[in-house]
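A.B. asks: 3D model of this:
(chains A, B, C and D)
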There are 4 protein chains.
Amino acid sequence: MAAKLKTAVLGATGYSGLELARLLSRHARVAAPLLLRRNTETHAAESPAEMFPHIAGNGHAPVEPFSWTRLQQDGVELLFLATPHAVSRGLVPEAISRGLRVVDLSGAWRLKQEQHRAVYGFKDADAPTAAQLTERAVYGLPELHGDRIPAAALVANPGCYATSVILALAPLLSADLVDCDRGIISDSKSGVSGAGKEPTARTHFVSVADNFSAYSVFGHRHTGEILEQLELSAHQLIFTPHLLPIPRGILSTIYVYLKRKMAAAEIESCFRDFYQGKRWVRVFPASSLPQITFSLHTNYCDLGFCLADDGRRLVLVSCLDNLLKGAAGQAVQNMNLMYGWKEEEGLE
Amino acid sequence: MAAKLKTAVLGATGYSGLELARLLSRHARVAAPLLLRRNTETHAAESPAEMFPHIAGNGHAPVEPFSWTRLQQDGVELLFLATPHAVSRGLVPEAISRGLRVVDLSGAWRLKQEQHRAVYGFKDADAPTAAQLTERAVYGLPELHGDRIPAAALVANPGCYATSVILALAPLLSADLVDCDRGIISDSKSGVSGAGKEPTARTHFVSVADNFSAYSVFGHRHTGEILEQLELSAHQLIFTPHLLPIPRGILSTIYVYLKRKMAAAEIESCFRDFYQGKRWVRVFPASSLPQITFSLHTNYCDLGFCLADDGRRLVLVSCLDNLLKGAAGQAVQNMNLMYGWKEEEGLE
Amino acid sequence: MAAKLKTAVLGATGYSGLELARLLSRHARVAAPLLLRRNTETHAAESPAEMFPHIAGNGHAPVEPFSWTRLQQDGVELLFLATPHAVSRGLVPEAISRGLRVVDLSGAWRLKQEQHRAVYGFKDADAPTAAQLTERAVYGLPELHGDRIPAAALVANPGCYATSVILALAPLLSADLVDCDRGIISDSKSGVSGAGKEPTARTHFVSVADNFSAYSVFGHRHTGEILEQLELSAHQLIFTPHLLPIPRGILSTIYVYLKRKMAAAEIESCFRDFYQGKRWVRVFPASSLPQITFSLHTNYCDLGFCLADDGRRLVLVSCLDNLLKGAAGQAVQNMNLMYGWKEEEGLE
Amino acid sequence: MAAKLKTAVLGATGYSGLELARLLSRHARVAAPLLLRRNTETHAAESPAEMFPHIAGNGHAPVEPFSWTRLQQDGVELLFLATPHAVSRGLVPEAISRGLRVVDLSGAWRLKQEQHRAVYGFKDADAPTAAQLTERAVYGLPELHGDRIPAAALVANPGCYATSVILALAPLLSADLVDCDRGIISDSKSGVSGAGKEPTARTHFVSVADNFSAYSVFGHRHTGEILEQLELSAHQLIFTPHLLPIPRGILSTIYVYLKRKMAAAEIESCFRDFYQGKRWVRVFPASSLPQITFSLHTNYCDLGFCLADDGRRLVLVSCLDNLLKGAAGQAVQNMNLMYGWKEEEGLE
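C.D. replies: Alright, predicted model coming up:
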């Protein structure tokens, strides 16, 4: 067997980072990953073993402070960044210049268009490297860009909401079936791990339990990704995120009007054809809808739909686990493509 | 002080019935309500005191089997029906002929149009009384029909989802601000008590917890109420219910396109003007959205909105407690109007 | 009617403080309470209306910064402290010296014995006032000290866990029925609001949901209260708190060995006699156990028990709402006694 | 590689049966299991694929009606029974006589002593086969009976609560460290899947959410298993189950008094020595306690403890996933031992 790939995870104490560490440590083609934290992290002393004494002694490495030297010592080839976007924006140019390949789980490198990037407030207008890297970065949605990921040096792992919306709409839009100007609506709902590990008034158990709420209406950062990937104009999409009182999982209910009257079987075929051979998308039969629990703890994105009697109004439902297909699982899927392995390795 | 009103609640062991019994027993103008169950109810032996030993000895009457004689003995004037719609459809004609006034919490008498009633499958084509009563029944949404409820013999208490959607849309539609033909979408989410007390695979804790799902897409019974009350055509509305992993509460996220470009302040004024003097609707400031917990255990319907930069795309959020403003609370509000009392009596 | 009592709540933005503000604002004998926050509070700008826009305009006063002058201006007679114990320890001496009566919801004044007080780390050995006040403070458990509360200047409102345990054990201990030296165990479980409003890693939704855990084993602060009130030695009691994935509510399962073989009816009589005429304790019939939801949103402490066939081993179950009978409700109950009103005023 | 083992799961639509089907279908040494249902099952038409459309087409076999012929056709060697105890009691004699080996997940064959078996109400006094099989059945707790399981024809898979309690107490009892006559108390808490898939008033989401309750005090069926396995008398143990508002997971808080004063390090050594080389028990460091989420979706039983200052009073905490180490996972662990494979195969 070939030598195992050397990887590192920076940000290994966050939800996505931990999940990624778990997946990598079980991956047959990957050596035990180097787990790193930023020096500035508030809970600098934390390691998974300190936080979770039960995993101490079960082969989990401690989480060490980040340094380029440490990466070099370990011979790391592939760096996963599970860090805030500003941190990723800062680190990636040097990582690439040092010859590392990078899968970045933040929003730092996902957007090509300045208008969408504005929401992140990057101050790199005068940073030619950043501009060049933005061009070279590949949006890591394997079902759409499976041809470009293998050769990518920098993969921008998609947002969790964006994955659920893009995968639901891509087949119909690519077949030019949707009346986009009439408006597409994605009413999306996410579990709390999507809000990150930082304790805030908003993530306090008492704020979330027995509750449900919309947030960031007309202003969520993932909107730009969806627009760019689906080649939509801003006025054609409303994307509304909501906070569900569950730890993980996303369900997007998406409303589109079709250009012509269609039969349910046609819609189903459109989806099945588009995702033919795609291991991590499950298309449900017409009128049979996925639920969040169906995809929890898996790397699947589940897609279903209901078509109105008029054959024009269509409701799509898209579900995934925000920490797997919406983050760490998709990152591993991208790694598999980058190294020529089967898409499902380490994910089953 | 005037003599207290004599009331009875048939179906006092269901979620809405229990809540109603609780509200009536604290209402200053109402005598202790007669609590009744249908003879055919599965758990015929149950009384609140048997089910909940803690309330025995706290003044709660037992739940007795229903009979017209029993109502007569007690001198009941107002009958609340918290029964399945088929039961209500059967009992109301006789109740009215006996001179009782009725507030029916089921869907039996809410719909005027045959096309919408079809979903309930009533077999009363040859029942002239039923047809006449359907005409005479008043849809018990006090904010819309406060003028007709006082004189009504039969009040059809609105559905919980329908209340949340109608109250959110009525101000804009009545001011003719909405481009209805472009399509109105209500993506609605409800807690589990809305599904009733019957234990089913769907209401099992393990099915609901950590989960979220859409159901009855393009086919929920409340759709007809919304269409009739808002005078919309079927093709103008998509109403999609979802099941939230919480015991109670509804949030509807509603998407409309405005006929002309508007300012947020105009929208807010439209709502404030429409609900001026309405005790049980709270209008939130522009861009400030209600959450489910804000209205739980109250009779409020909370309304908020966000307007897109283009001044045309509008997202409304409507919240209420499905057992109060969505059922028992609204029934008491209707009773208050029927007897000339203040709308808030017994509800604060 | 007599003039309404002037009250203030310091710490009105915490869970107990908010609940207290809500209860006082509905209490017929109390003027709208003055709502205050400490100047040092992190979220100093917050007011209930800012935090919860839905209550703005519904008569809720803003939360103002604390000052003695402000209390004087308002003519406040009774001061509720919903503050950390160190803050209460600091403020009470001056409050008393200014002629105010105080109900303190913290642990600052509950303990008479130095050995139990040690856990709070008070630095007032040289503060004669504090020592005197400690002596004069009345432990505000109305079912035990209803005779001393009316004249008290300083009422130390009991801990939530302590209330659940003490009320369950007092009848049996006072009748000398328990073999204390064999050991009493209270396995207690609380909802998350008991941990306070501060967002921490421990109160993050993702940490609590789907989880359950024990904490502070052999070291919880409420242990001292239980020992003092029940006149037990430390070795006679094990008190183990656990965190439940629910917003509010406490259930204590308590294990005792009886000195002699008893019948269930005797046990039940012991409880019923002890709580005869006590409005806020409900004794369940033998073998019928309370559940947390039975007492939620009420001021009841619910008590039930099961006796083993041998007539010696006894399991007690005690439930209450930690924010009501365990905090704000009990504070109002104490106020009612202090001013000679009925125990249930403002609590039904 | 050797031919794969042929297995069947009867009761493959229940929670444990589904989990078992999932584990077996991923087990490298086991052929795709034959999934069966009893002919009398209420939802006879159900198959996992019908219930969960998302798994259709992912290689899951349909669930077929049970018949001996069907087992024979498939060449089944090992039969898993995830059926009610009365069904298991009826089927096992014939299964054994047909030369099958059996792992039974019900309580049918766990108890040797008539006094404990009484609670199940078996009517087989006159069934010599049943009596003989009861003798031959091996209690399938690998950490205790790992020597006898390899040769067993009939393995009685332990109860979920029993596993959590027995594994926590066995090391101390086997070292004779516990003052049993002073009384051992296990205050145990389980998620709702432990109550089975049948929808009942008790498992309705609205009954469980925001709630917590004790049940079957002094009368739970698992008590007998614990007593037999630990060789305790009935008066030495109180076992109190509680229902947690979570889908899965068990935590038992266990109270024991030690015969002599001990140091925490001694206790920890006692546990570590006892479980030396046992793959599926994790011993936590002194005063570091497991939580339910730590063992969810794993086959681990996690054990921790806190010792009082007096060195005599000991609190043990034991956690496991009731569907894995408490049911299906342990069944696979038993199968591994029965066929001479490593204990962890198919469970990592």
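
A.B. asks: host element of the residue of the stretch 51-200 of chain A found nearest chain B?
C.D. replies: In the stretch 51-200 of chain A, the residue that lies nearest chain B is A:Asp187 (3.9 Å; CB to the nearest CB). Every residue, glycine included, has its C-beta placed from N, CA and C. A:Asp187 belongs to strand A:184-190 when assigned by DSSP states H and E.

A.B. asks: same check, this time on A:Pro93
C.D. replies: helix A:85-97.

A.B. asks: helices and strands around that helix, which ones?
C.D. replies: Judged by 3 or more CB pairs under 8 Å, 6 or more residues apart in numbering or on different chains; DSSP states H and E, the packing partners of helix A:85-97 are strand A:78-81, strand A:101-104, helix A:128-136.

A.B. asks: average pLDDT for it?
C.D. replies: Averaged over helix A:85-97, pLDDT sits at 95.

A.B. asks: repeat that for stretch A:169-181.
C.D. replies: pLDDT averaged over stretch A:169-181 gives 98.

A.B. asks: before we move on, what about stretch A:326-346?
C.D. replies: Rounded mean pLDDT across stretch A:326-346 is 98.

A.B. asks: for the closest residue to A:Leu100 other than its chain neighbours, give me its contacts.
C.D. replies: Spatial nearest neighbour of A:Leu100, chain neighbours left out: A:Leu79 (4.9 Å); criterion: CB to CB, 6 or more residues apart in numbering or on different chains. Taking CB atoms under 8 Å, 6 or more residues apart in numbering or on different chains, we find A:Leu79 in contact with A:Thr7, A:Ala8, A:Leu10, A:Leu71, A:Ala95, A:Leu100, A:Arg101, A:Val102, A:Val103.

A.B. asks: report how many residues lie close to the fifth one.
C.D. replies: Applying the criterion other CB atoms under 10 Å in any protein chain shown, we find 22 residues in the vicinity of A:Ala95.

A.B. asks: what's the first helix or strand after the helix or strand of chain A with the lowest mean pLDDT?
C.D. replies: Lowest by mean pLDDT, DSSP states H and E among the helices and strands of chain A is helix A:48-51, with a mean of 48. Note on helix A:48-51: by DSSP H and E, the next helix or strand toward the C-terminus is strand A:64-65.

A.B. asks: what's the offset of that next one from the middle of its chain?
C.D. replies: With CA atoms, centre = their mean, to the nearest Å as the basis, strand A:64-65 stands 25 Å off its chain's centre.

A.B. asks: what lies in contact with the helix holding A:Pro93?
C.D. replies: With contact meaning CB under 8 Å, 6+ apart, helix A:85-97 is reached by A:10-11, A:38, A:68, A:79, A:81, A:83, A:102, A:104, A:106-109, A:120, A:122, A:124, A:127, A:129-130, A:133, A:153-154.

A.B. asks: looking at chain A, which helix is longest?
C.D. replies: helix A:160-174 (DSSP state H).

A.B. asks: return the nearest residue of chain A with respect to chain C.
C.D. replies: Counting by CB to the nearest CB, chain A gets nearest chain C through A:Pro199, at 3.8 Å.

A.B. asks: chain D versus that residue, what's the distance?
C.D. replies: 17 Å (CB to the nearest CB, to the nearest Å).

A.B. asks: which SS state does A:Tyr257 fall under?
C.D. replies: strand (DSSP: H, G, I helix; E, B strand; the rest coil).

A.B. asks: list the contacts of it.
C.D. replies: Counted by CB under 8 Å, 6+ apart, A:Tyr257 has contacts A:Val178, A:Asp179, A:Arg182, A:Gly183, A:Arg312, A:Arg313, A:Leu314, B:Gly183.

A.B. asks: ditto for A:Leu232
C.D. replies: A:Leu232 neighbours (CB under 8 Å, 6+ apart): A:Leu173, A:Cys180, A:Ile184, A:Ile226.

A.B. asks: give me the neighbour count for the first one.
C.D. replies: Going back to what we said before, that points to A:Leu173. 18.

A.B. asks: contact residues of the stretch 151-300 of chain A facing chain C?
C.D. replies: Within reach of chain C by CB under 8 Å from any CB of the partner chain, the stretch 151-300 of chain A has these residues: A:192-193, A:197, A:199-201, A:203-210, A:245-248.

A.B. asks: from A:Glu228, how far out is A:Ala151?
C.D. replies: 21 Å (CB to CB, to the nearest Å).

A.B. asks: no wait, A:His222
C.D. replies: 11 Å.

A.B. asks: which of these two has more residues huddled nearby?
C.D. replies: Comparing A:His222 with A:Glu228 by other CB under 10 Å, the one with more neighbours is A:His222, at 24 against 19.

A.B. asks: what comes up buried for stretch A:158-174?
C.D. replies: Neighbour-count burial for stretch A:158-174, counted by 16 or more other CB atoms under 10 Å in any protein chain shown, picks out A:158-173.

A.B. asks: ok, those residues vs A:Ser288, which is closest?
C.D. replies: A:Ala168 (14.9 Å; CB to CB).

A.B. asks: surely that closest one and A:Ser252 touch.
C.D. replies: Yes: taking CB atoms under 8 Å as the definition, A:Ala168 is a contact partner of A:Ser252 at 6.4 Å.

A.B. asks: bridging residues for the residue of the stretch 51-200 of chain A closest to chain B?
C.D. replies: Beta bridges link A:Asp187 to A:Thr240, A:Thr253 when assigned by DSSP bridges.

A.B. asks: pretty sure it sits against A:Thr240.
C.D. replies: Yes: between A:Asp187 and A:Thr240 there is a contact under CB under 8 Å: 5.4 Å.

A.B. asks: just to be sure, A:Ala118 is in a helix?
C.D. replies: Yes: assessed by three-state DSSP, A:Ala118 belongs to a helix.

A.B. asks: now for it, how many residues are close by?
C.D. replies: A:Ala118: 11 neighbours (other CB under 10 Å).

A.B. asks: got it, and A:Gly75?
C.D. replies: By other CB under 10 Å, 10 other residues sit near A:Gly75.
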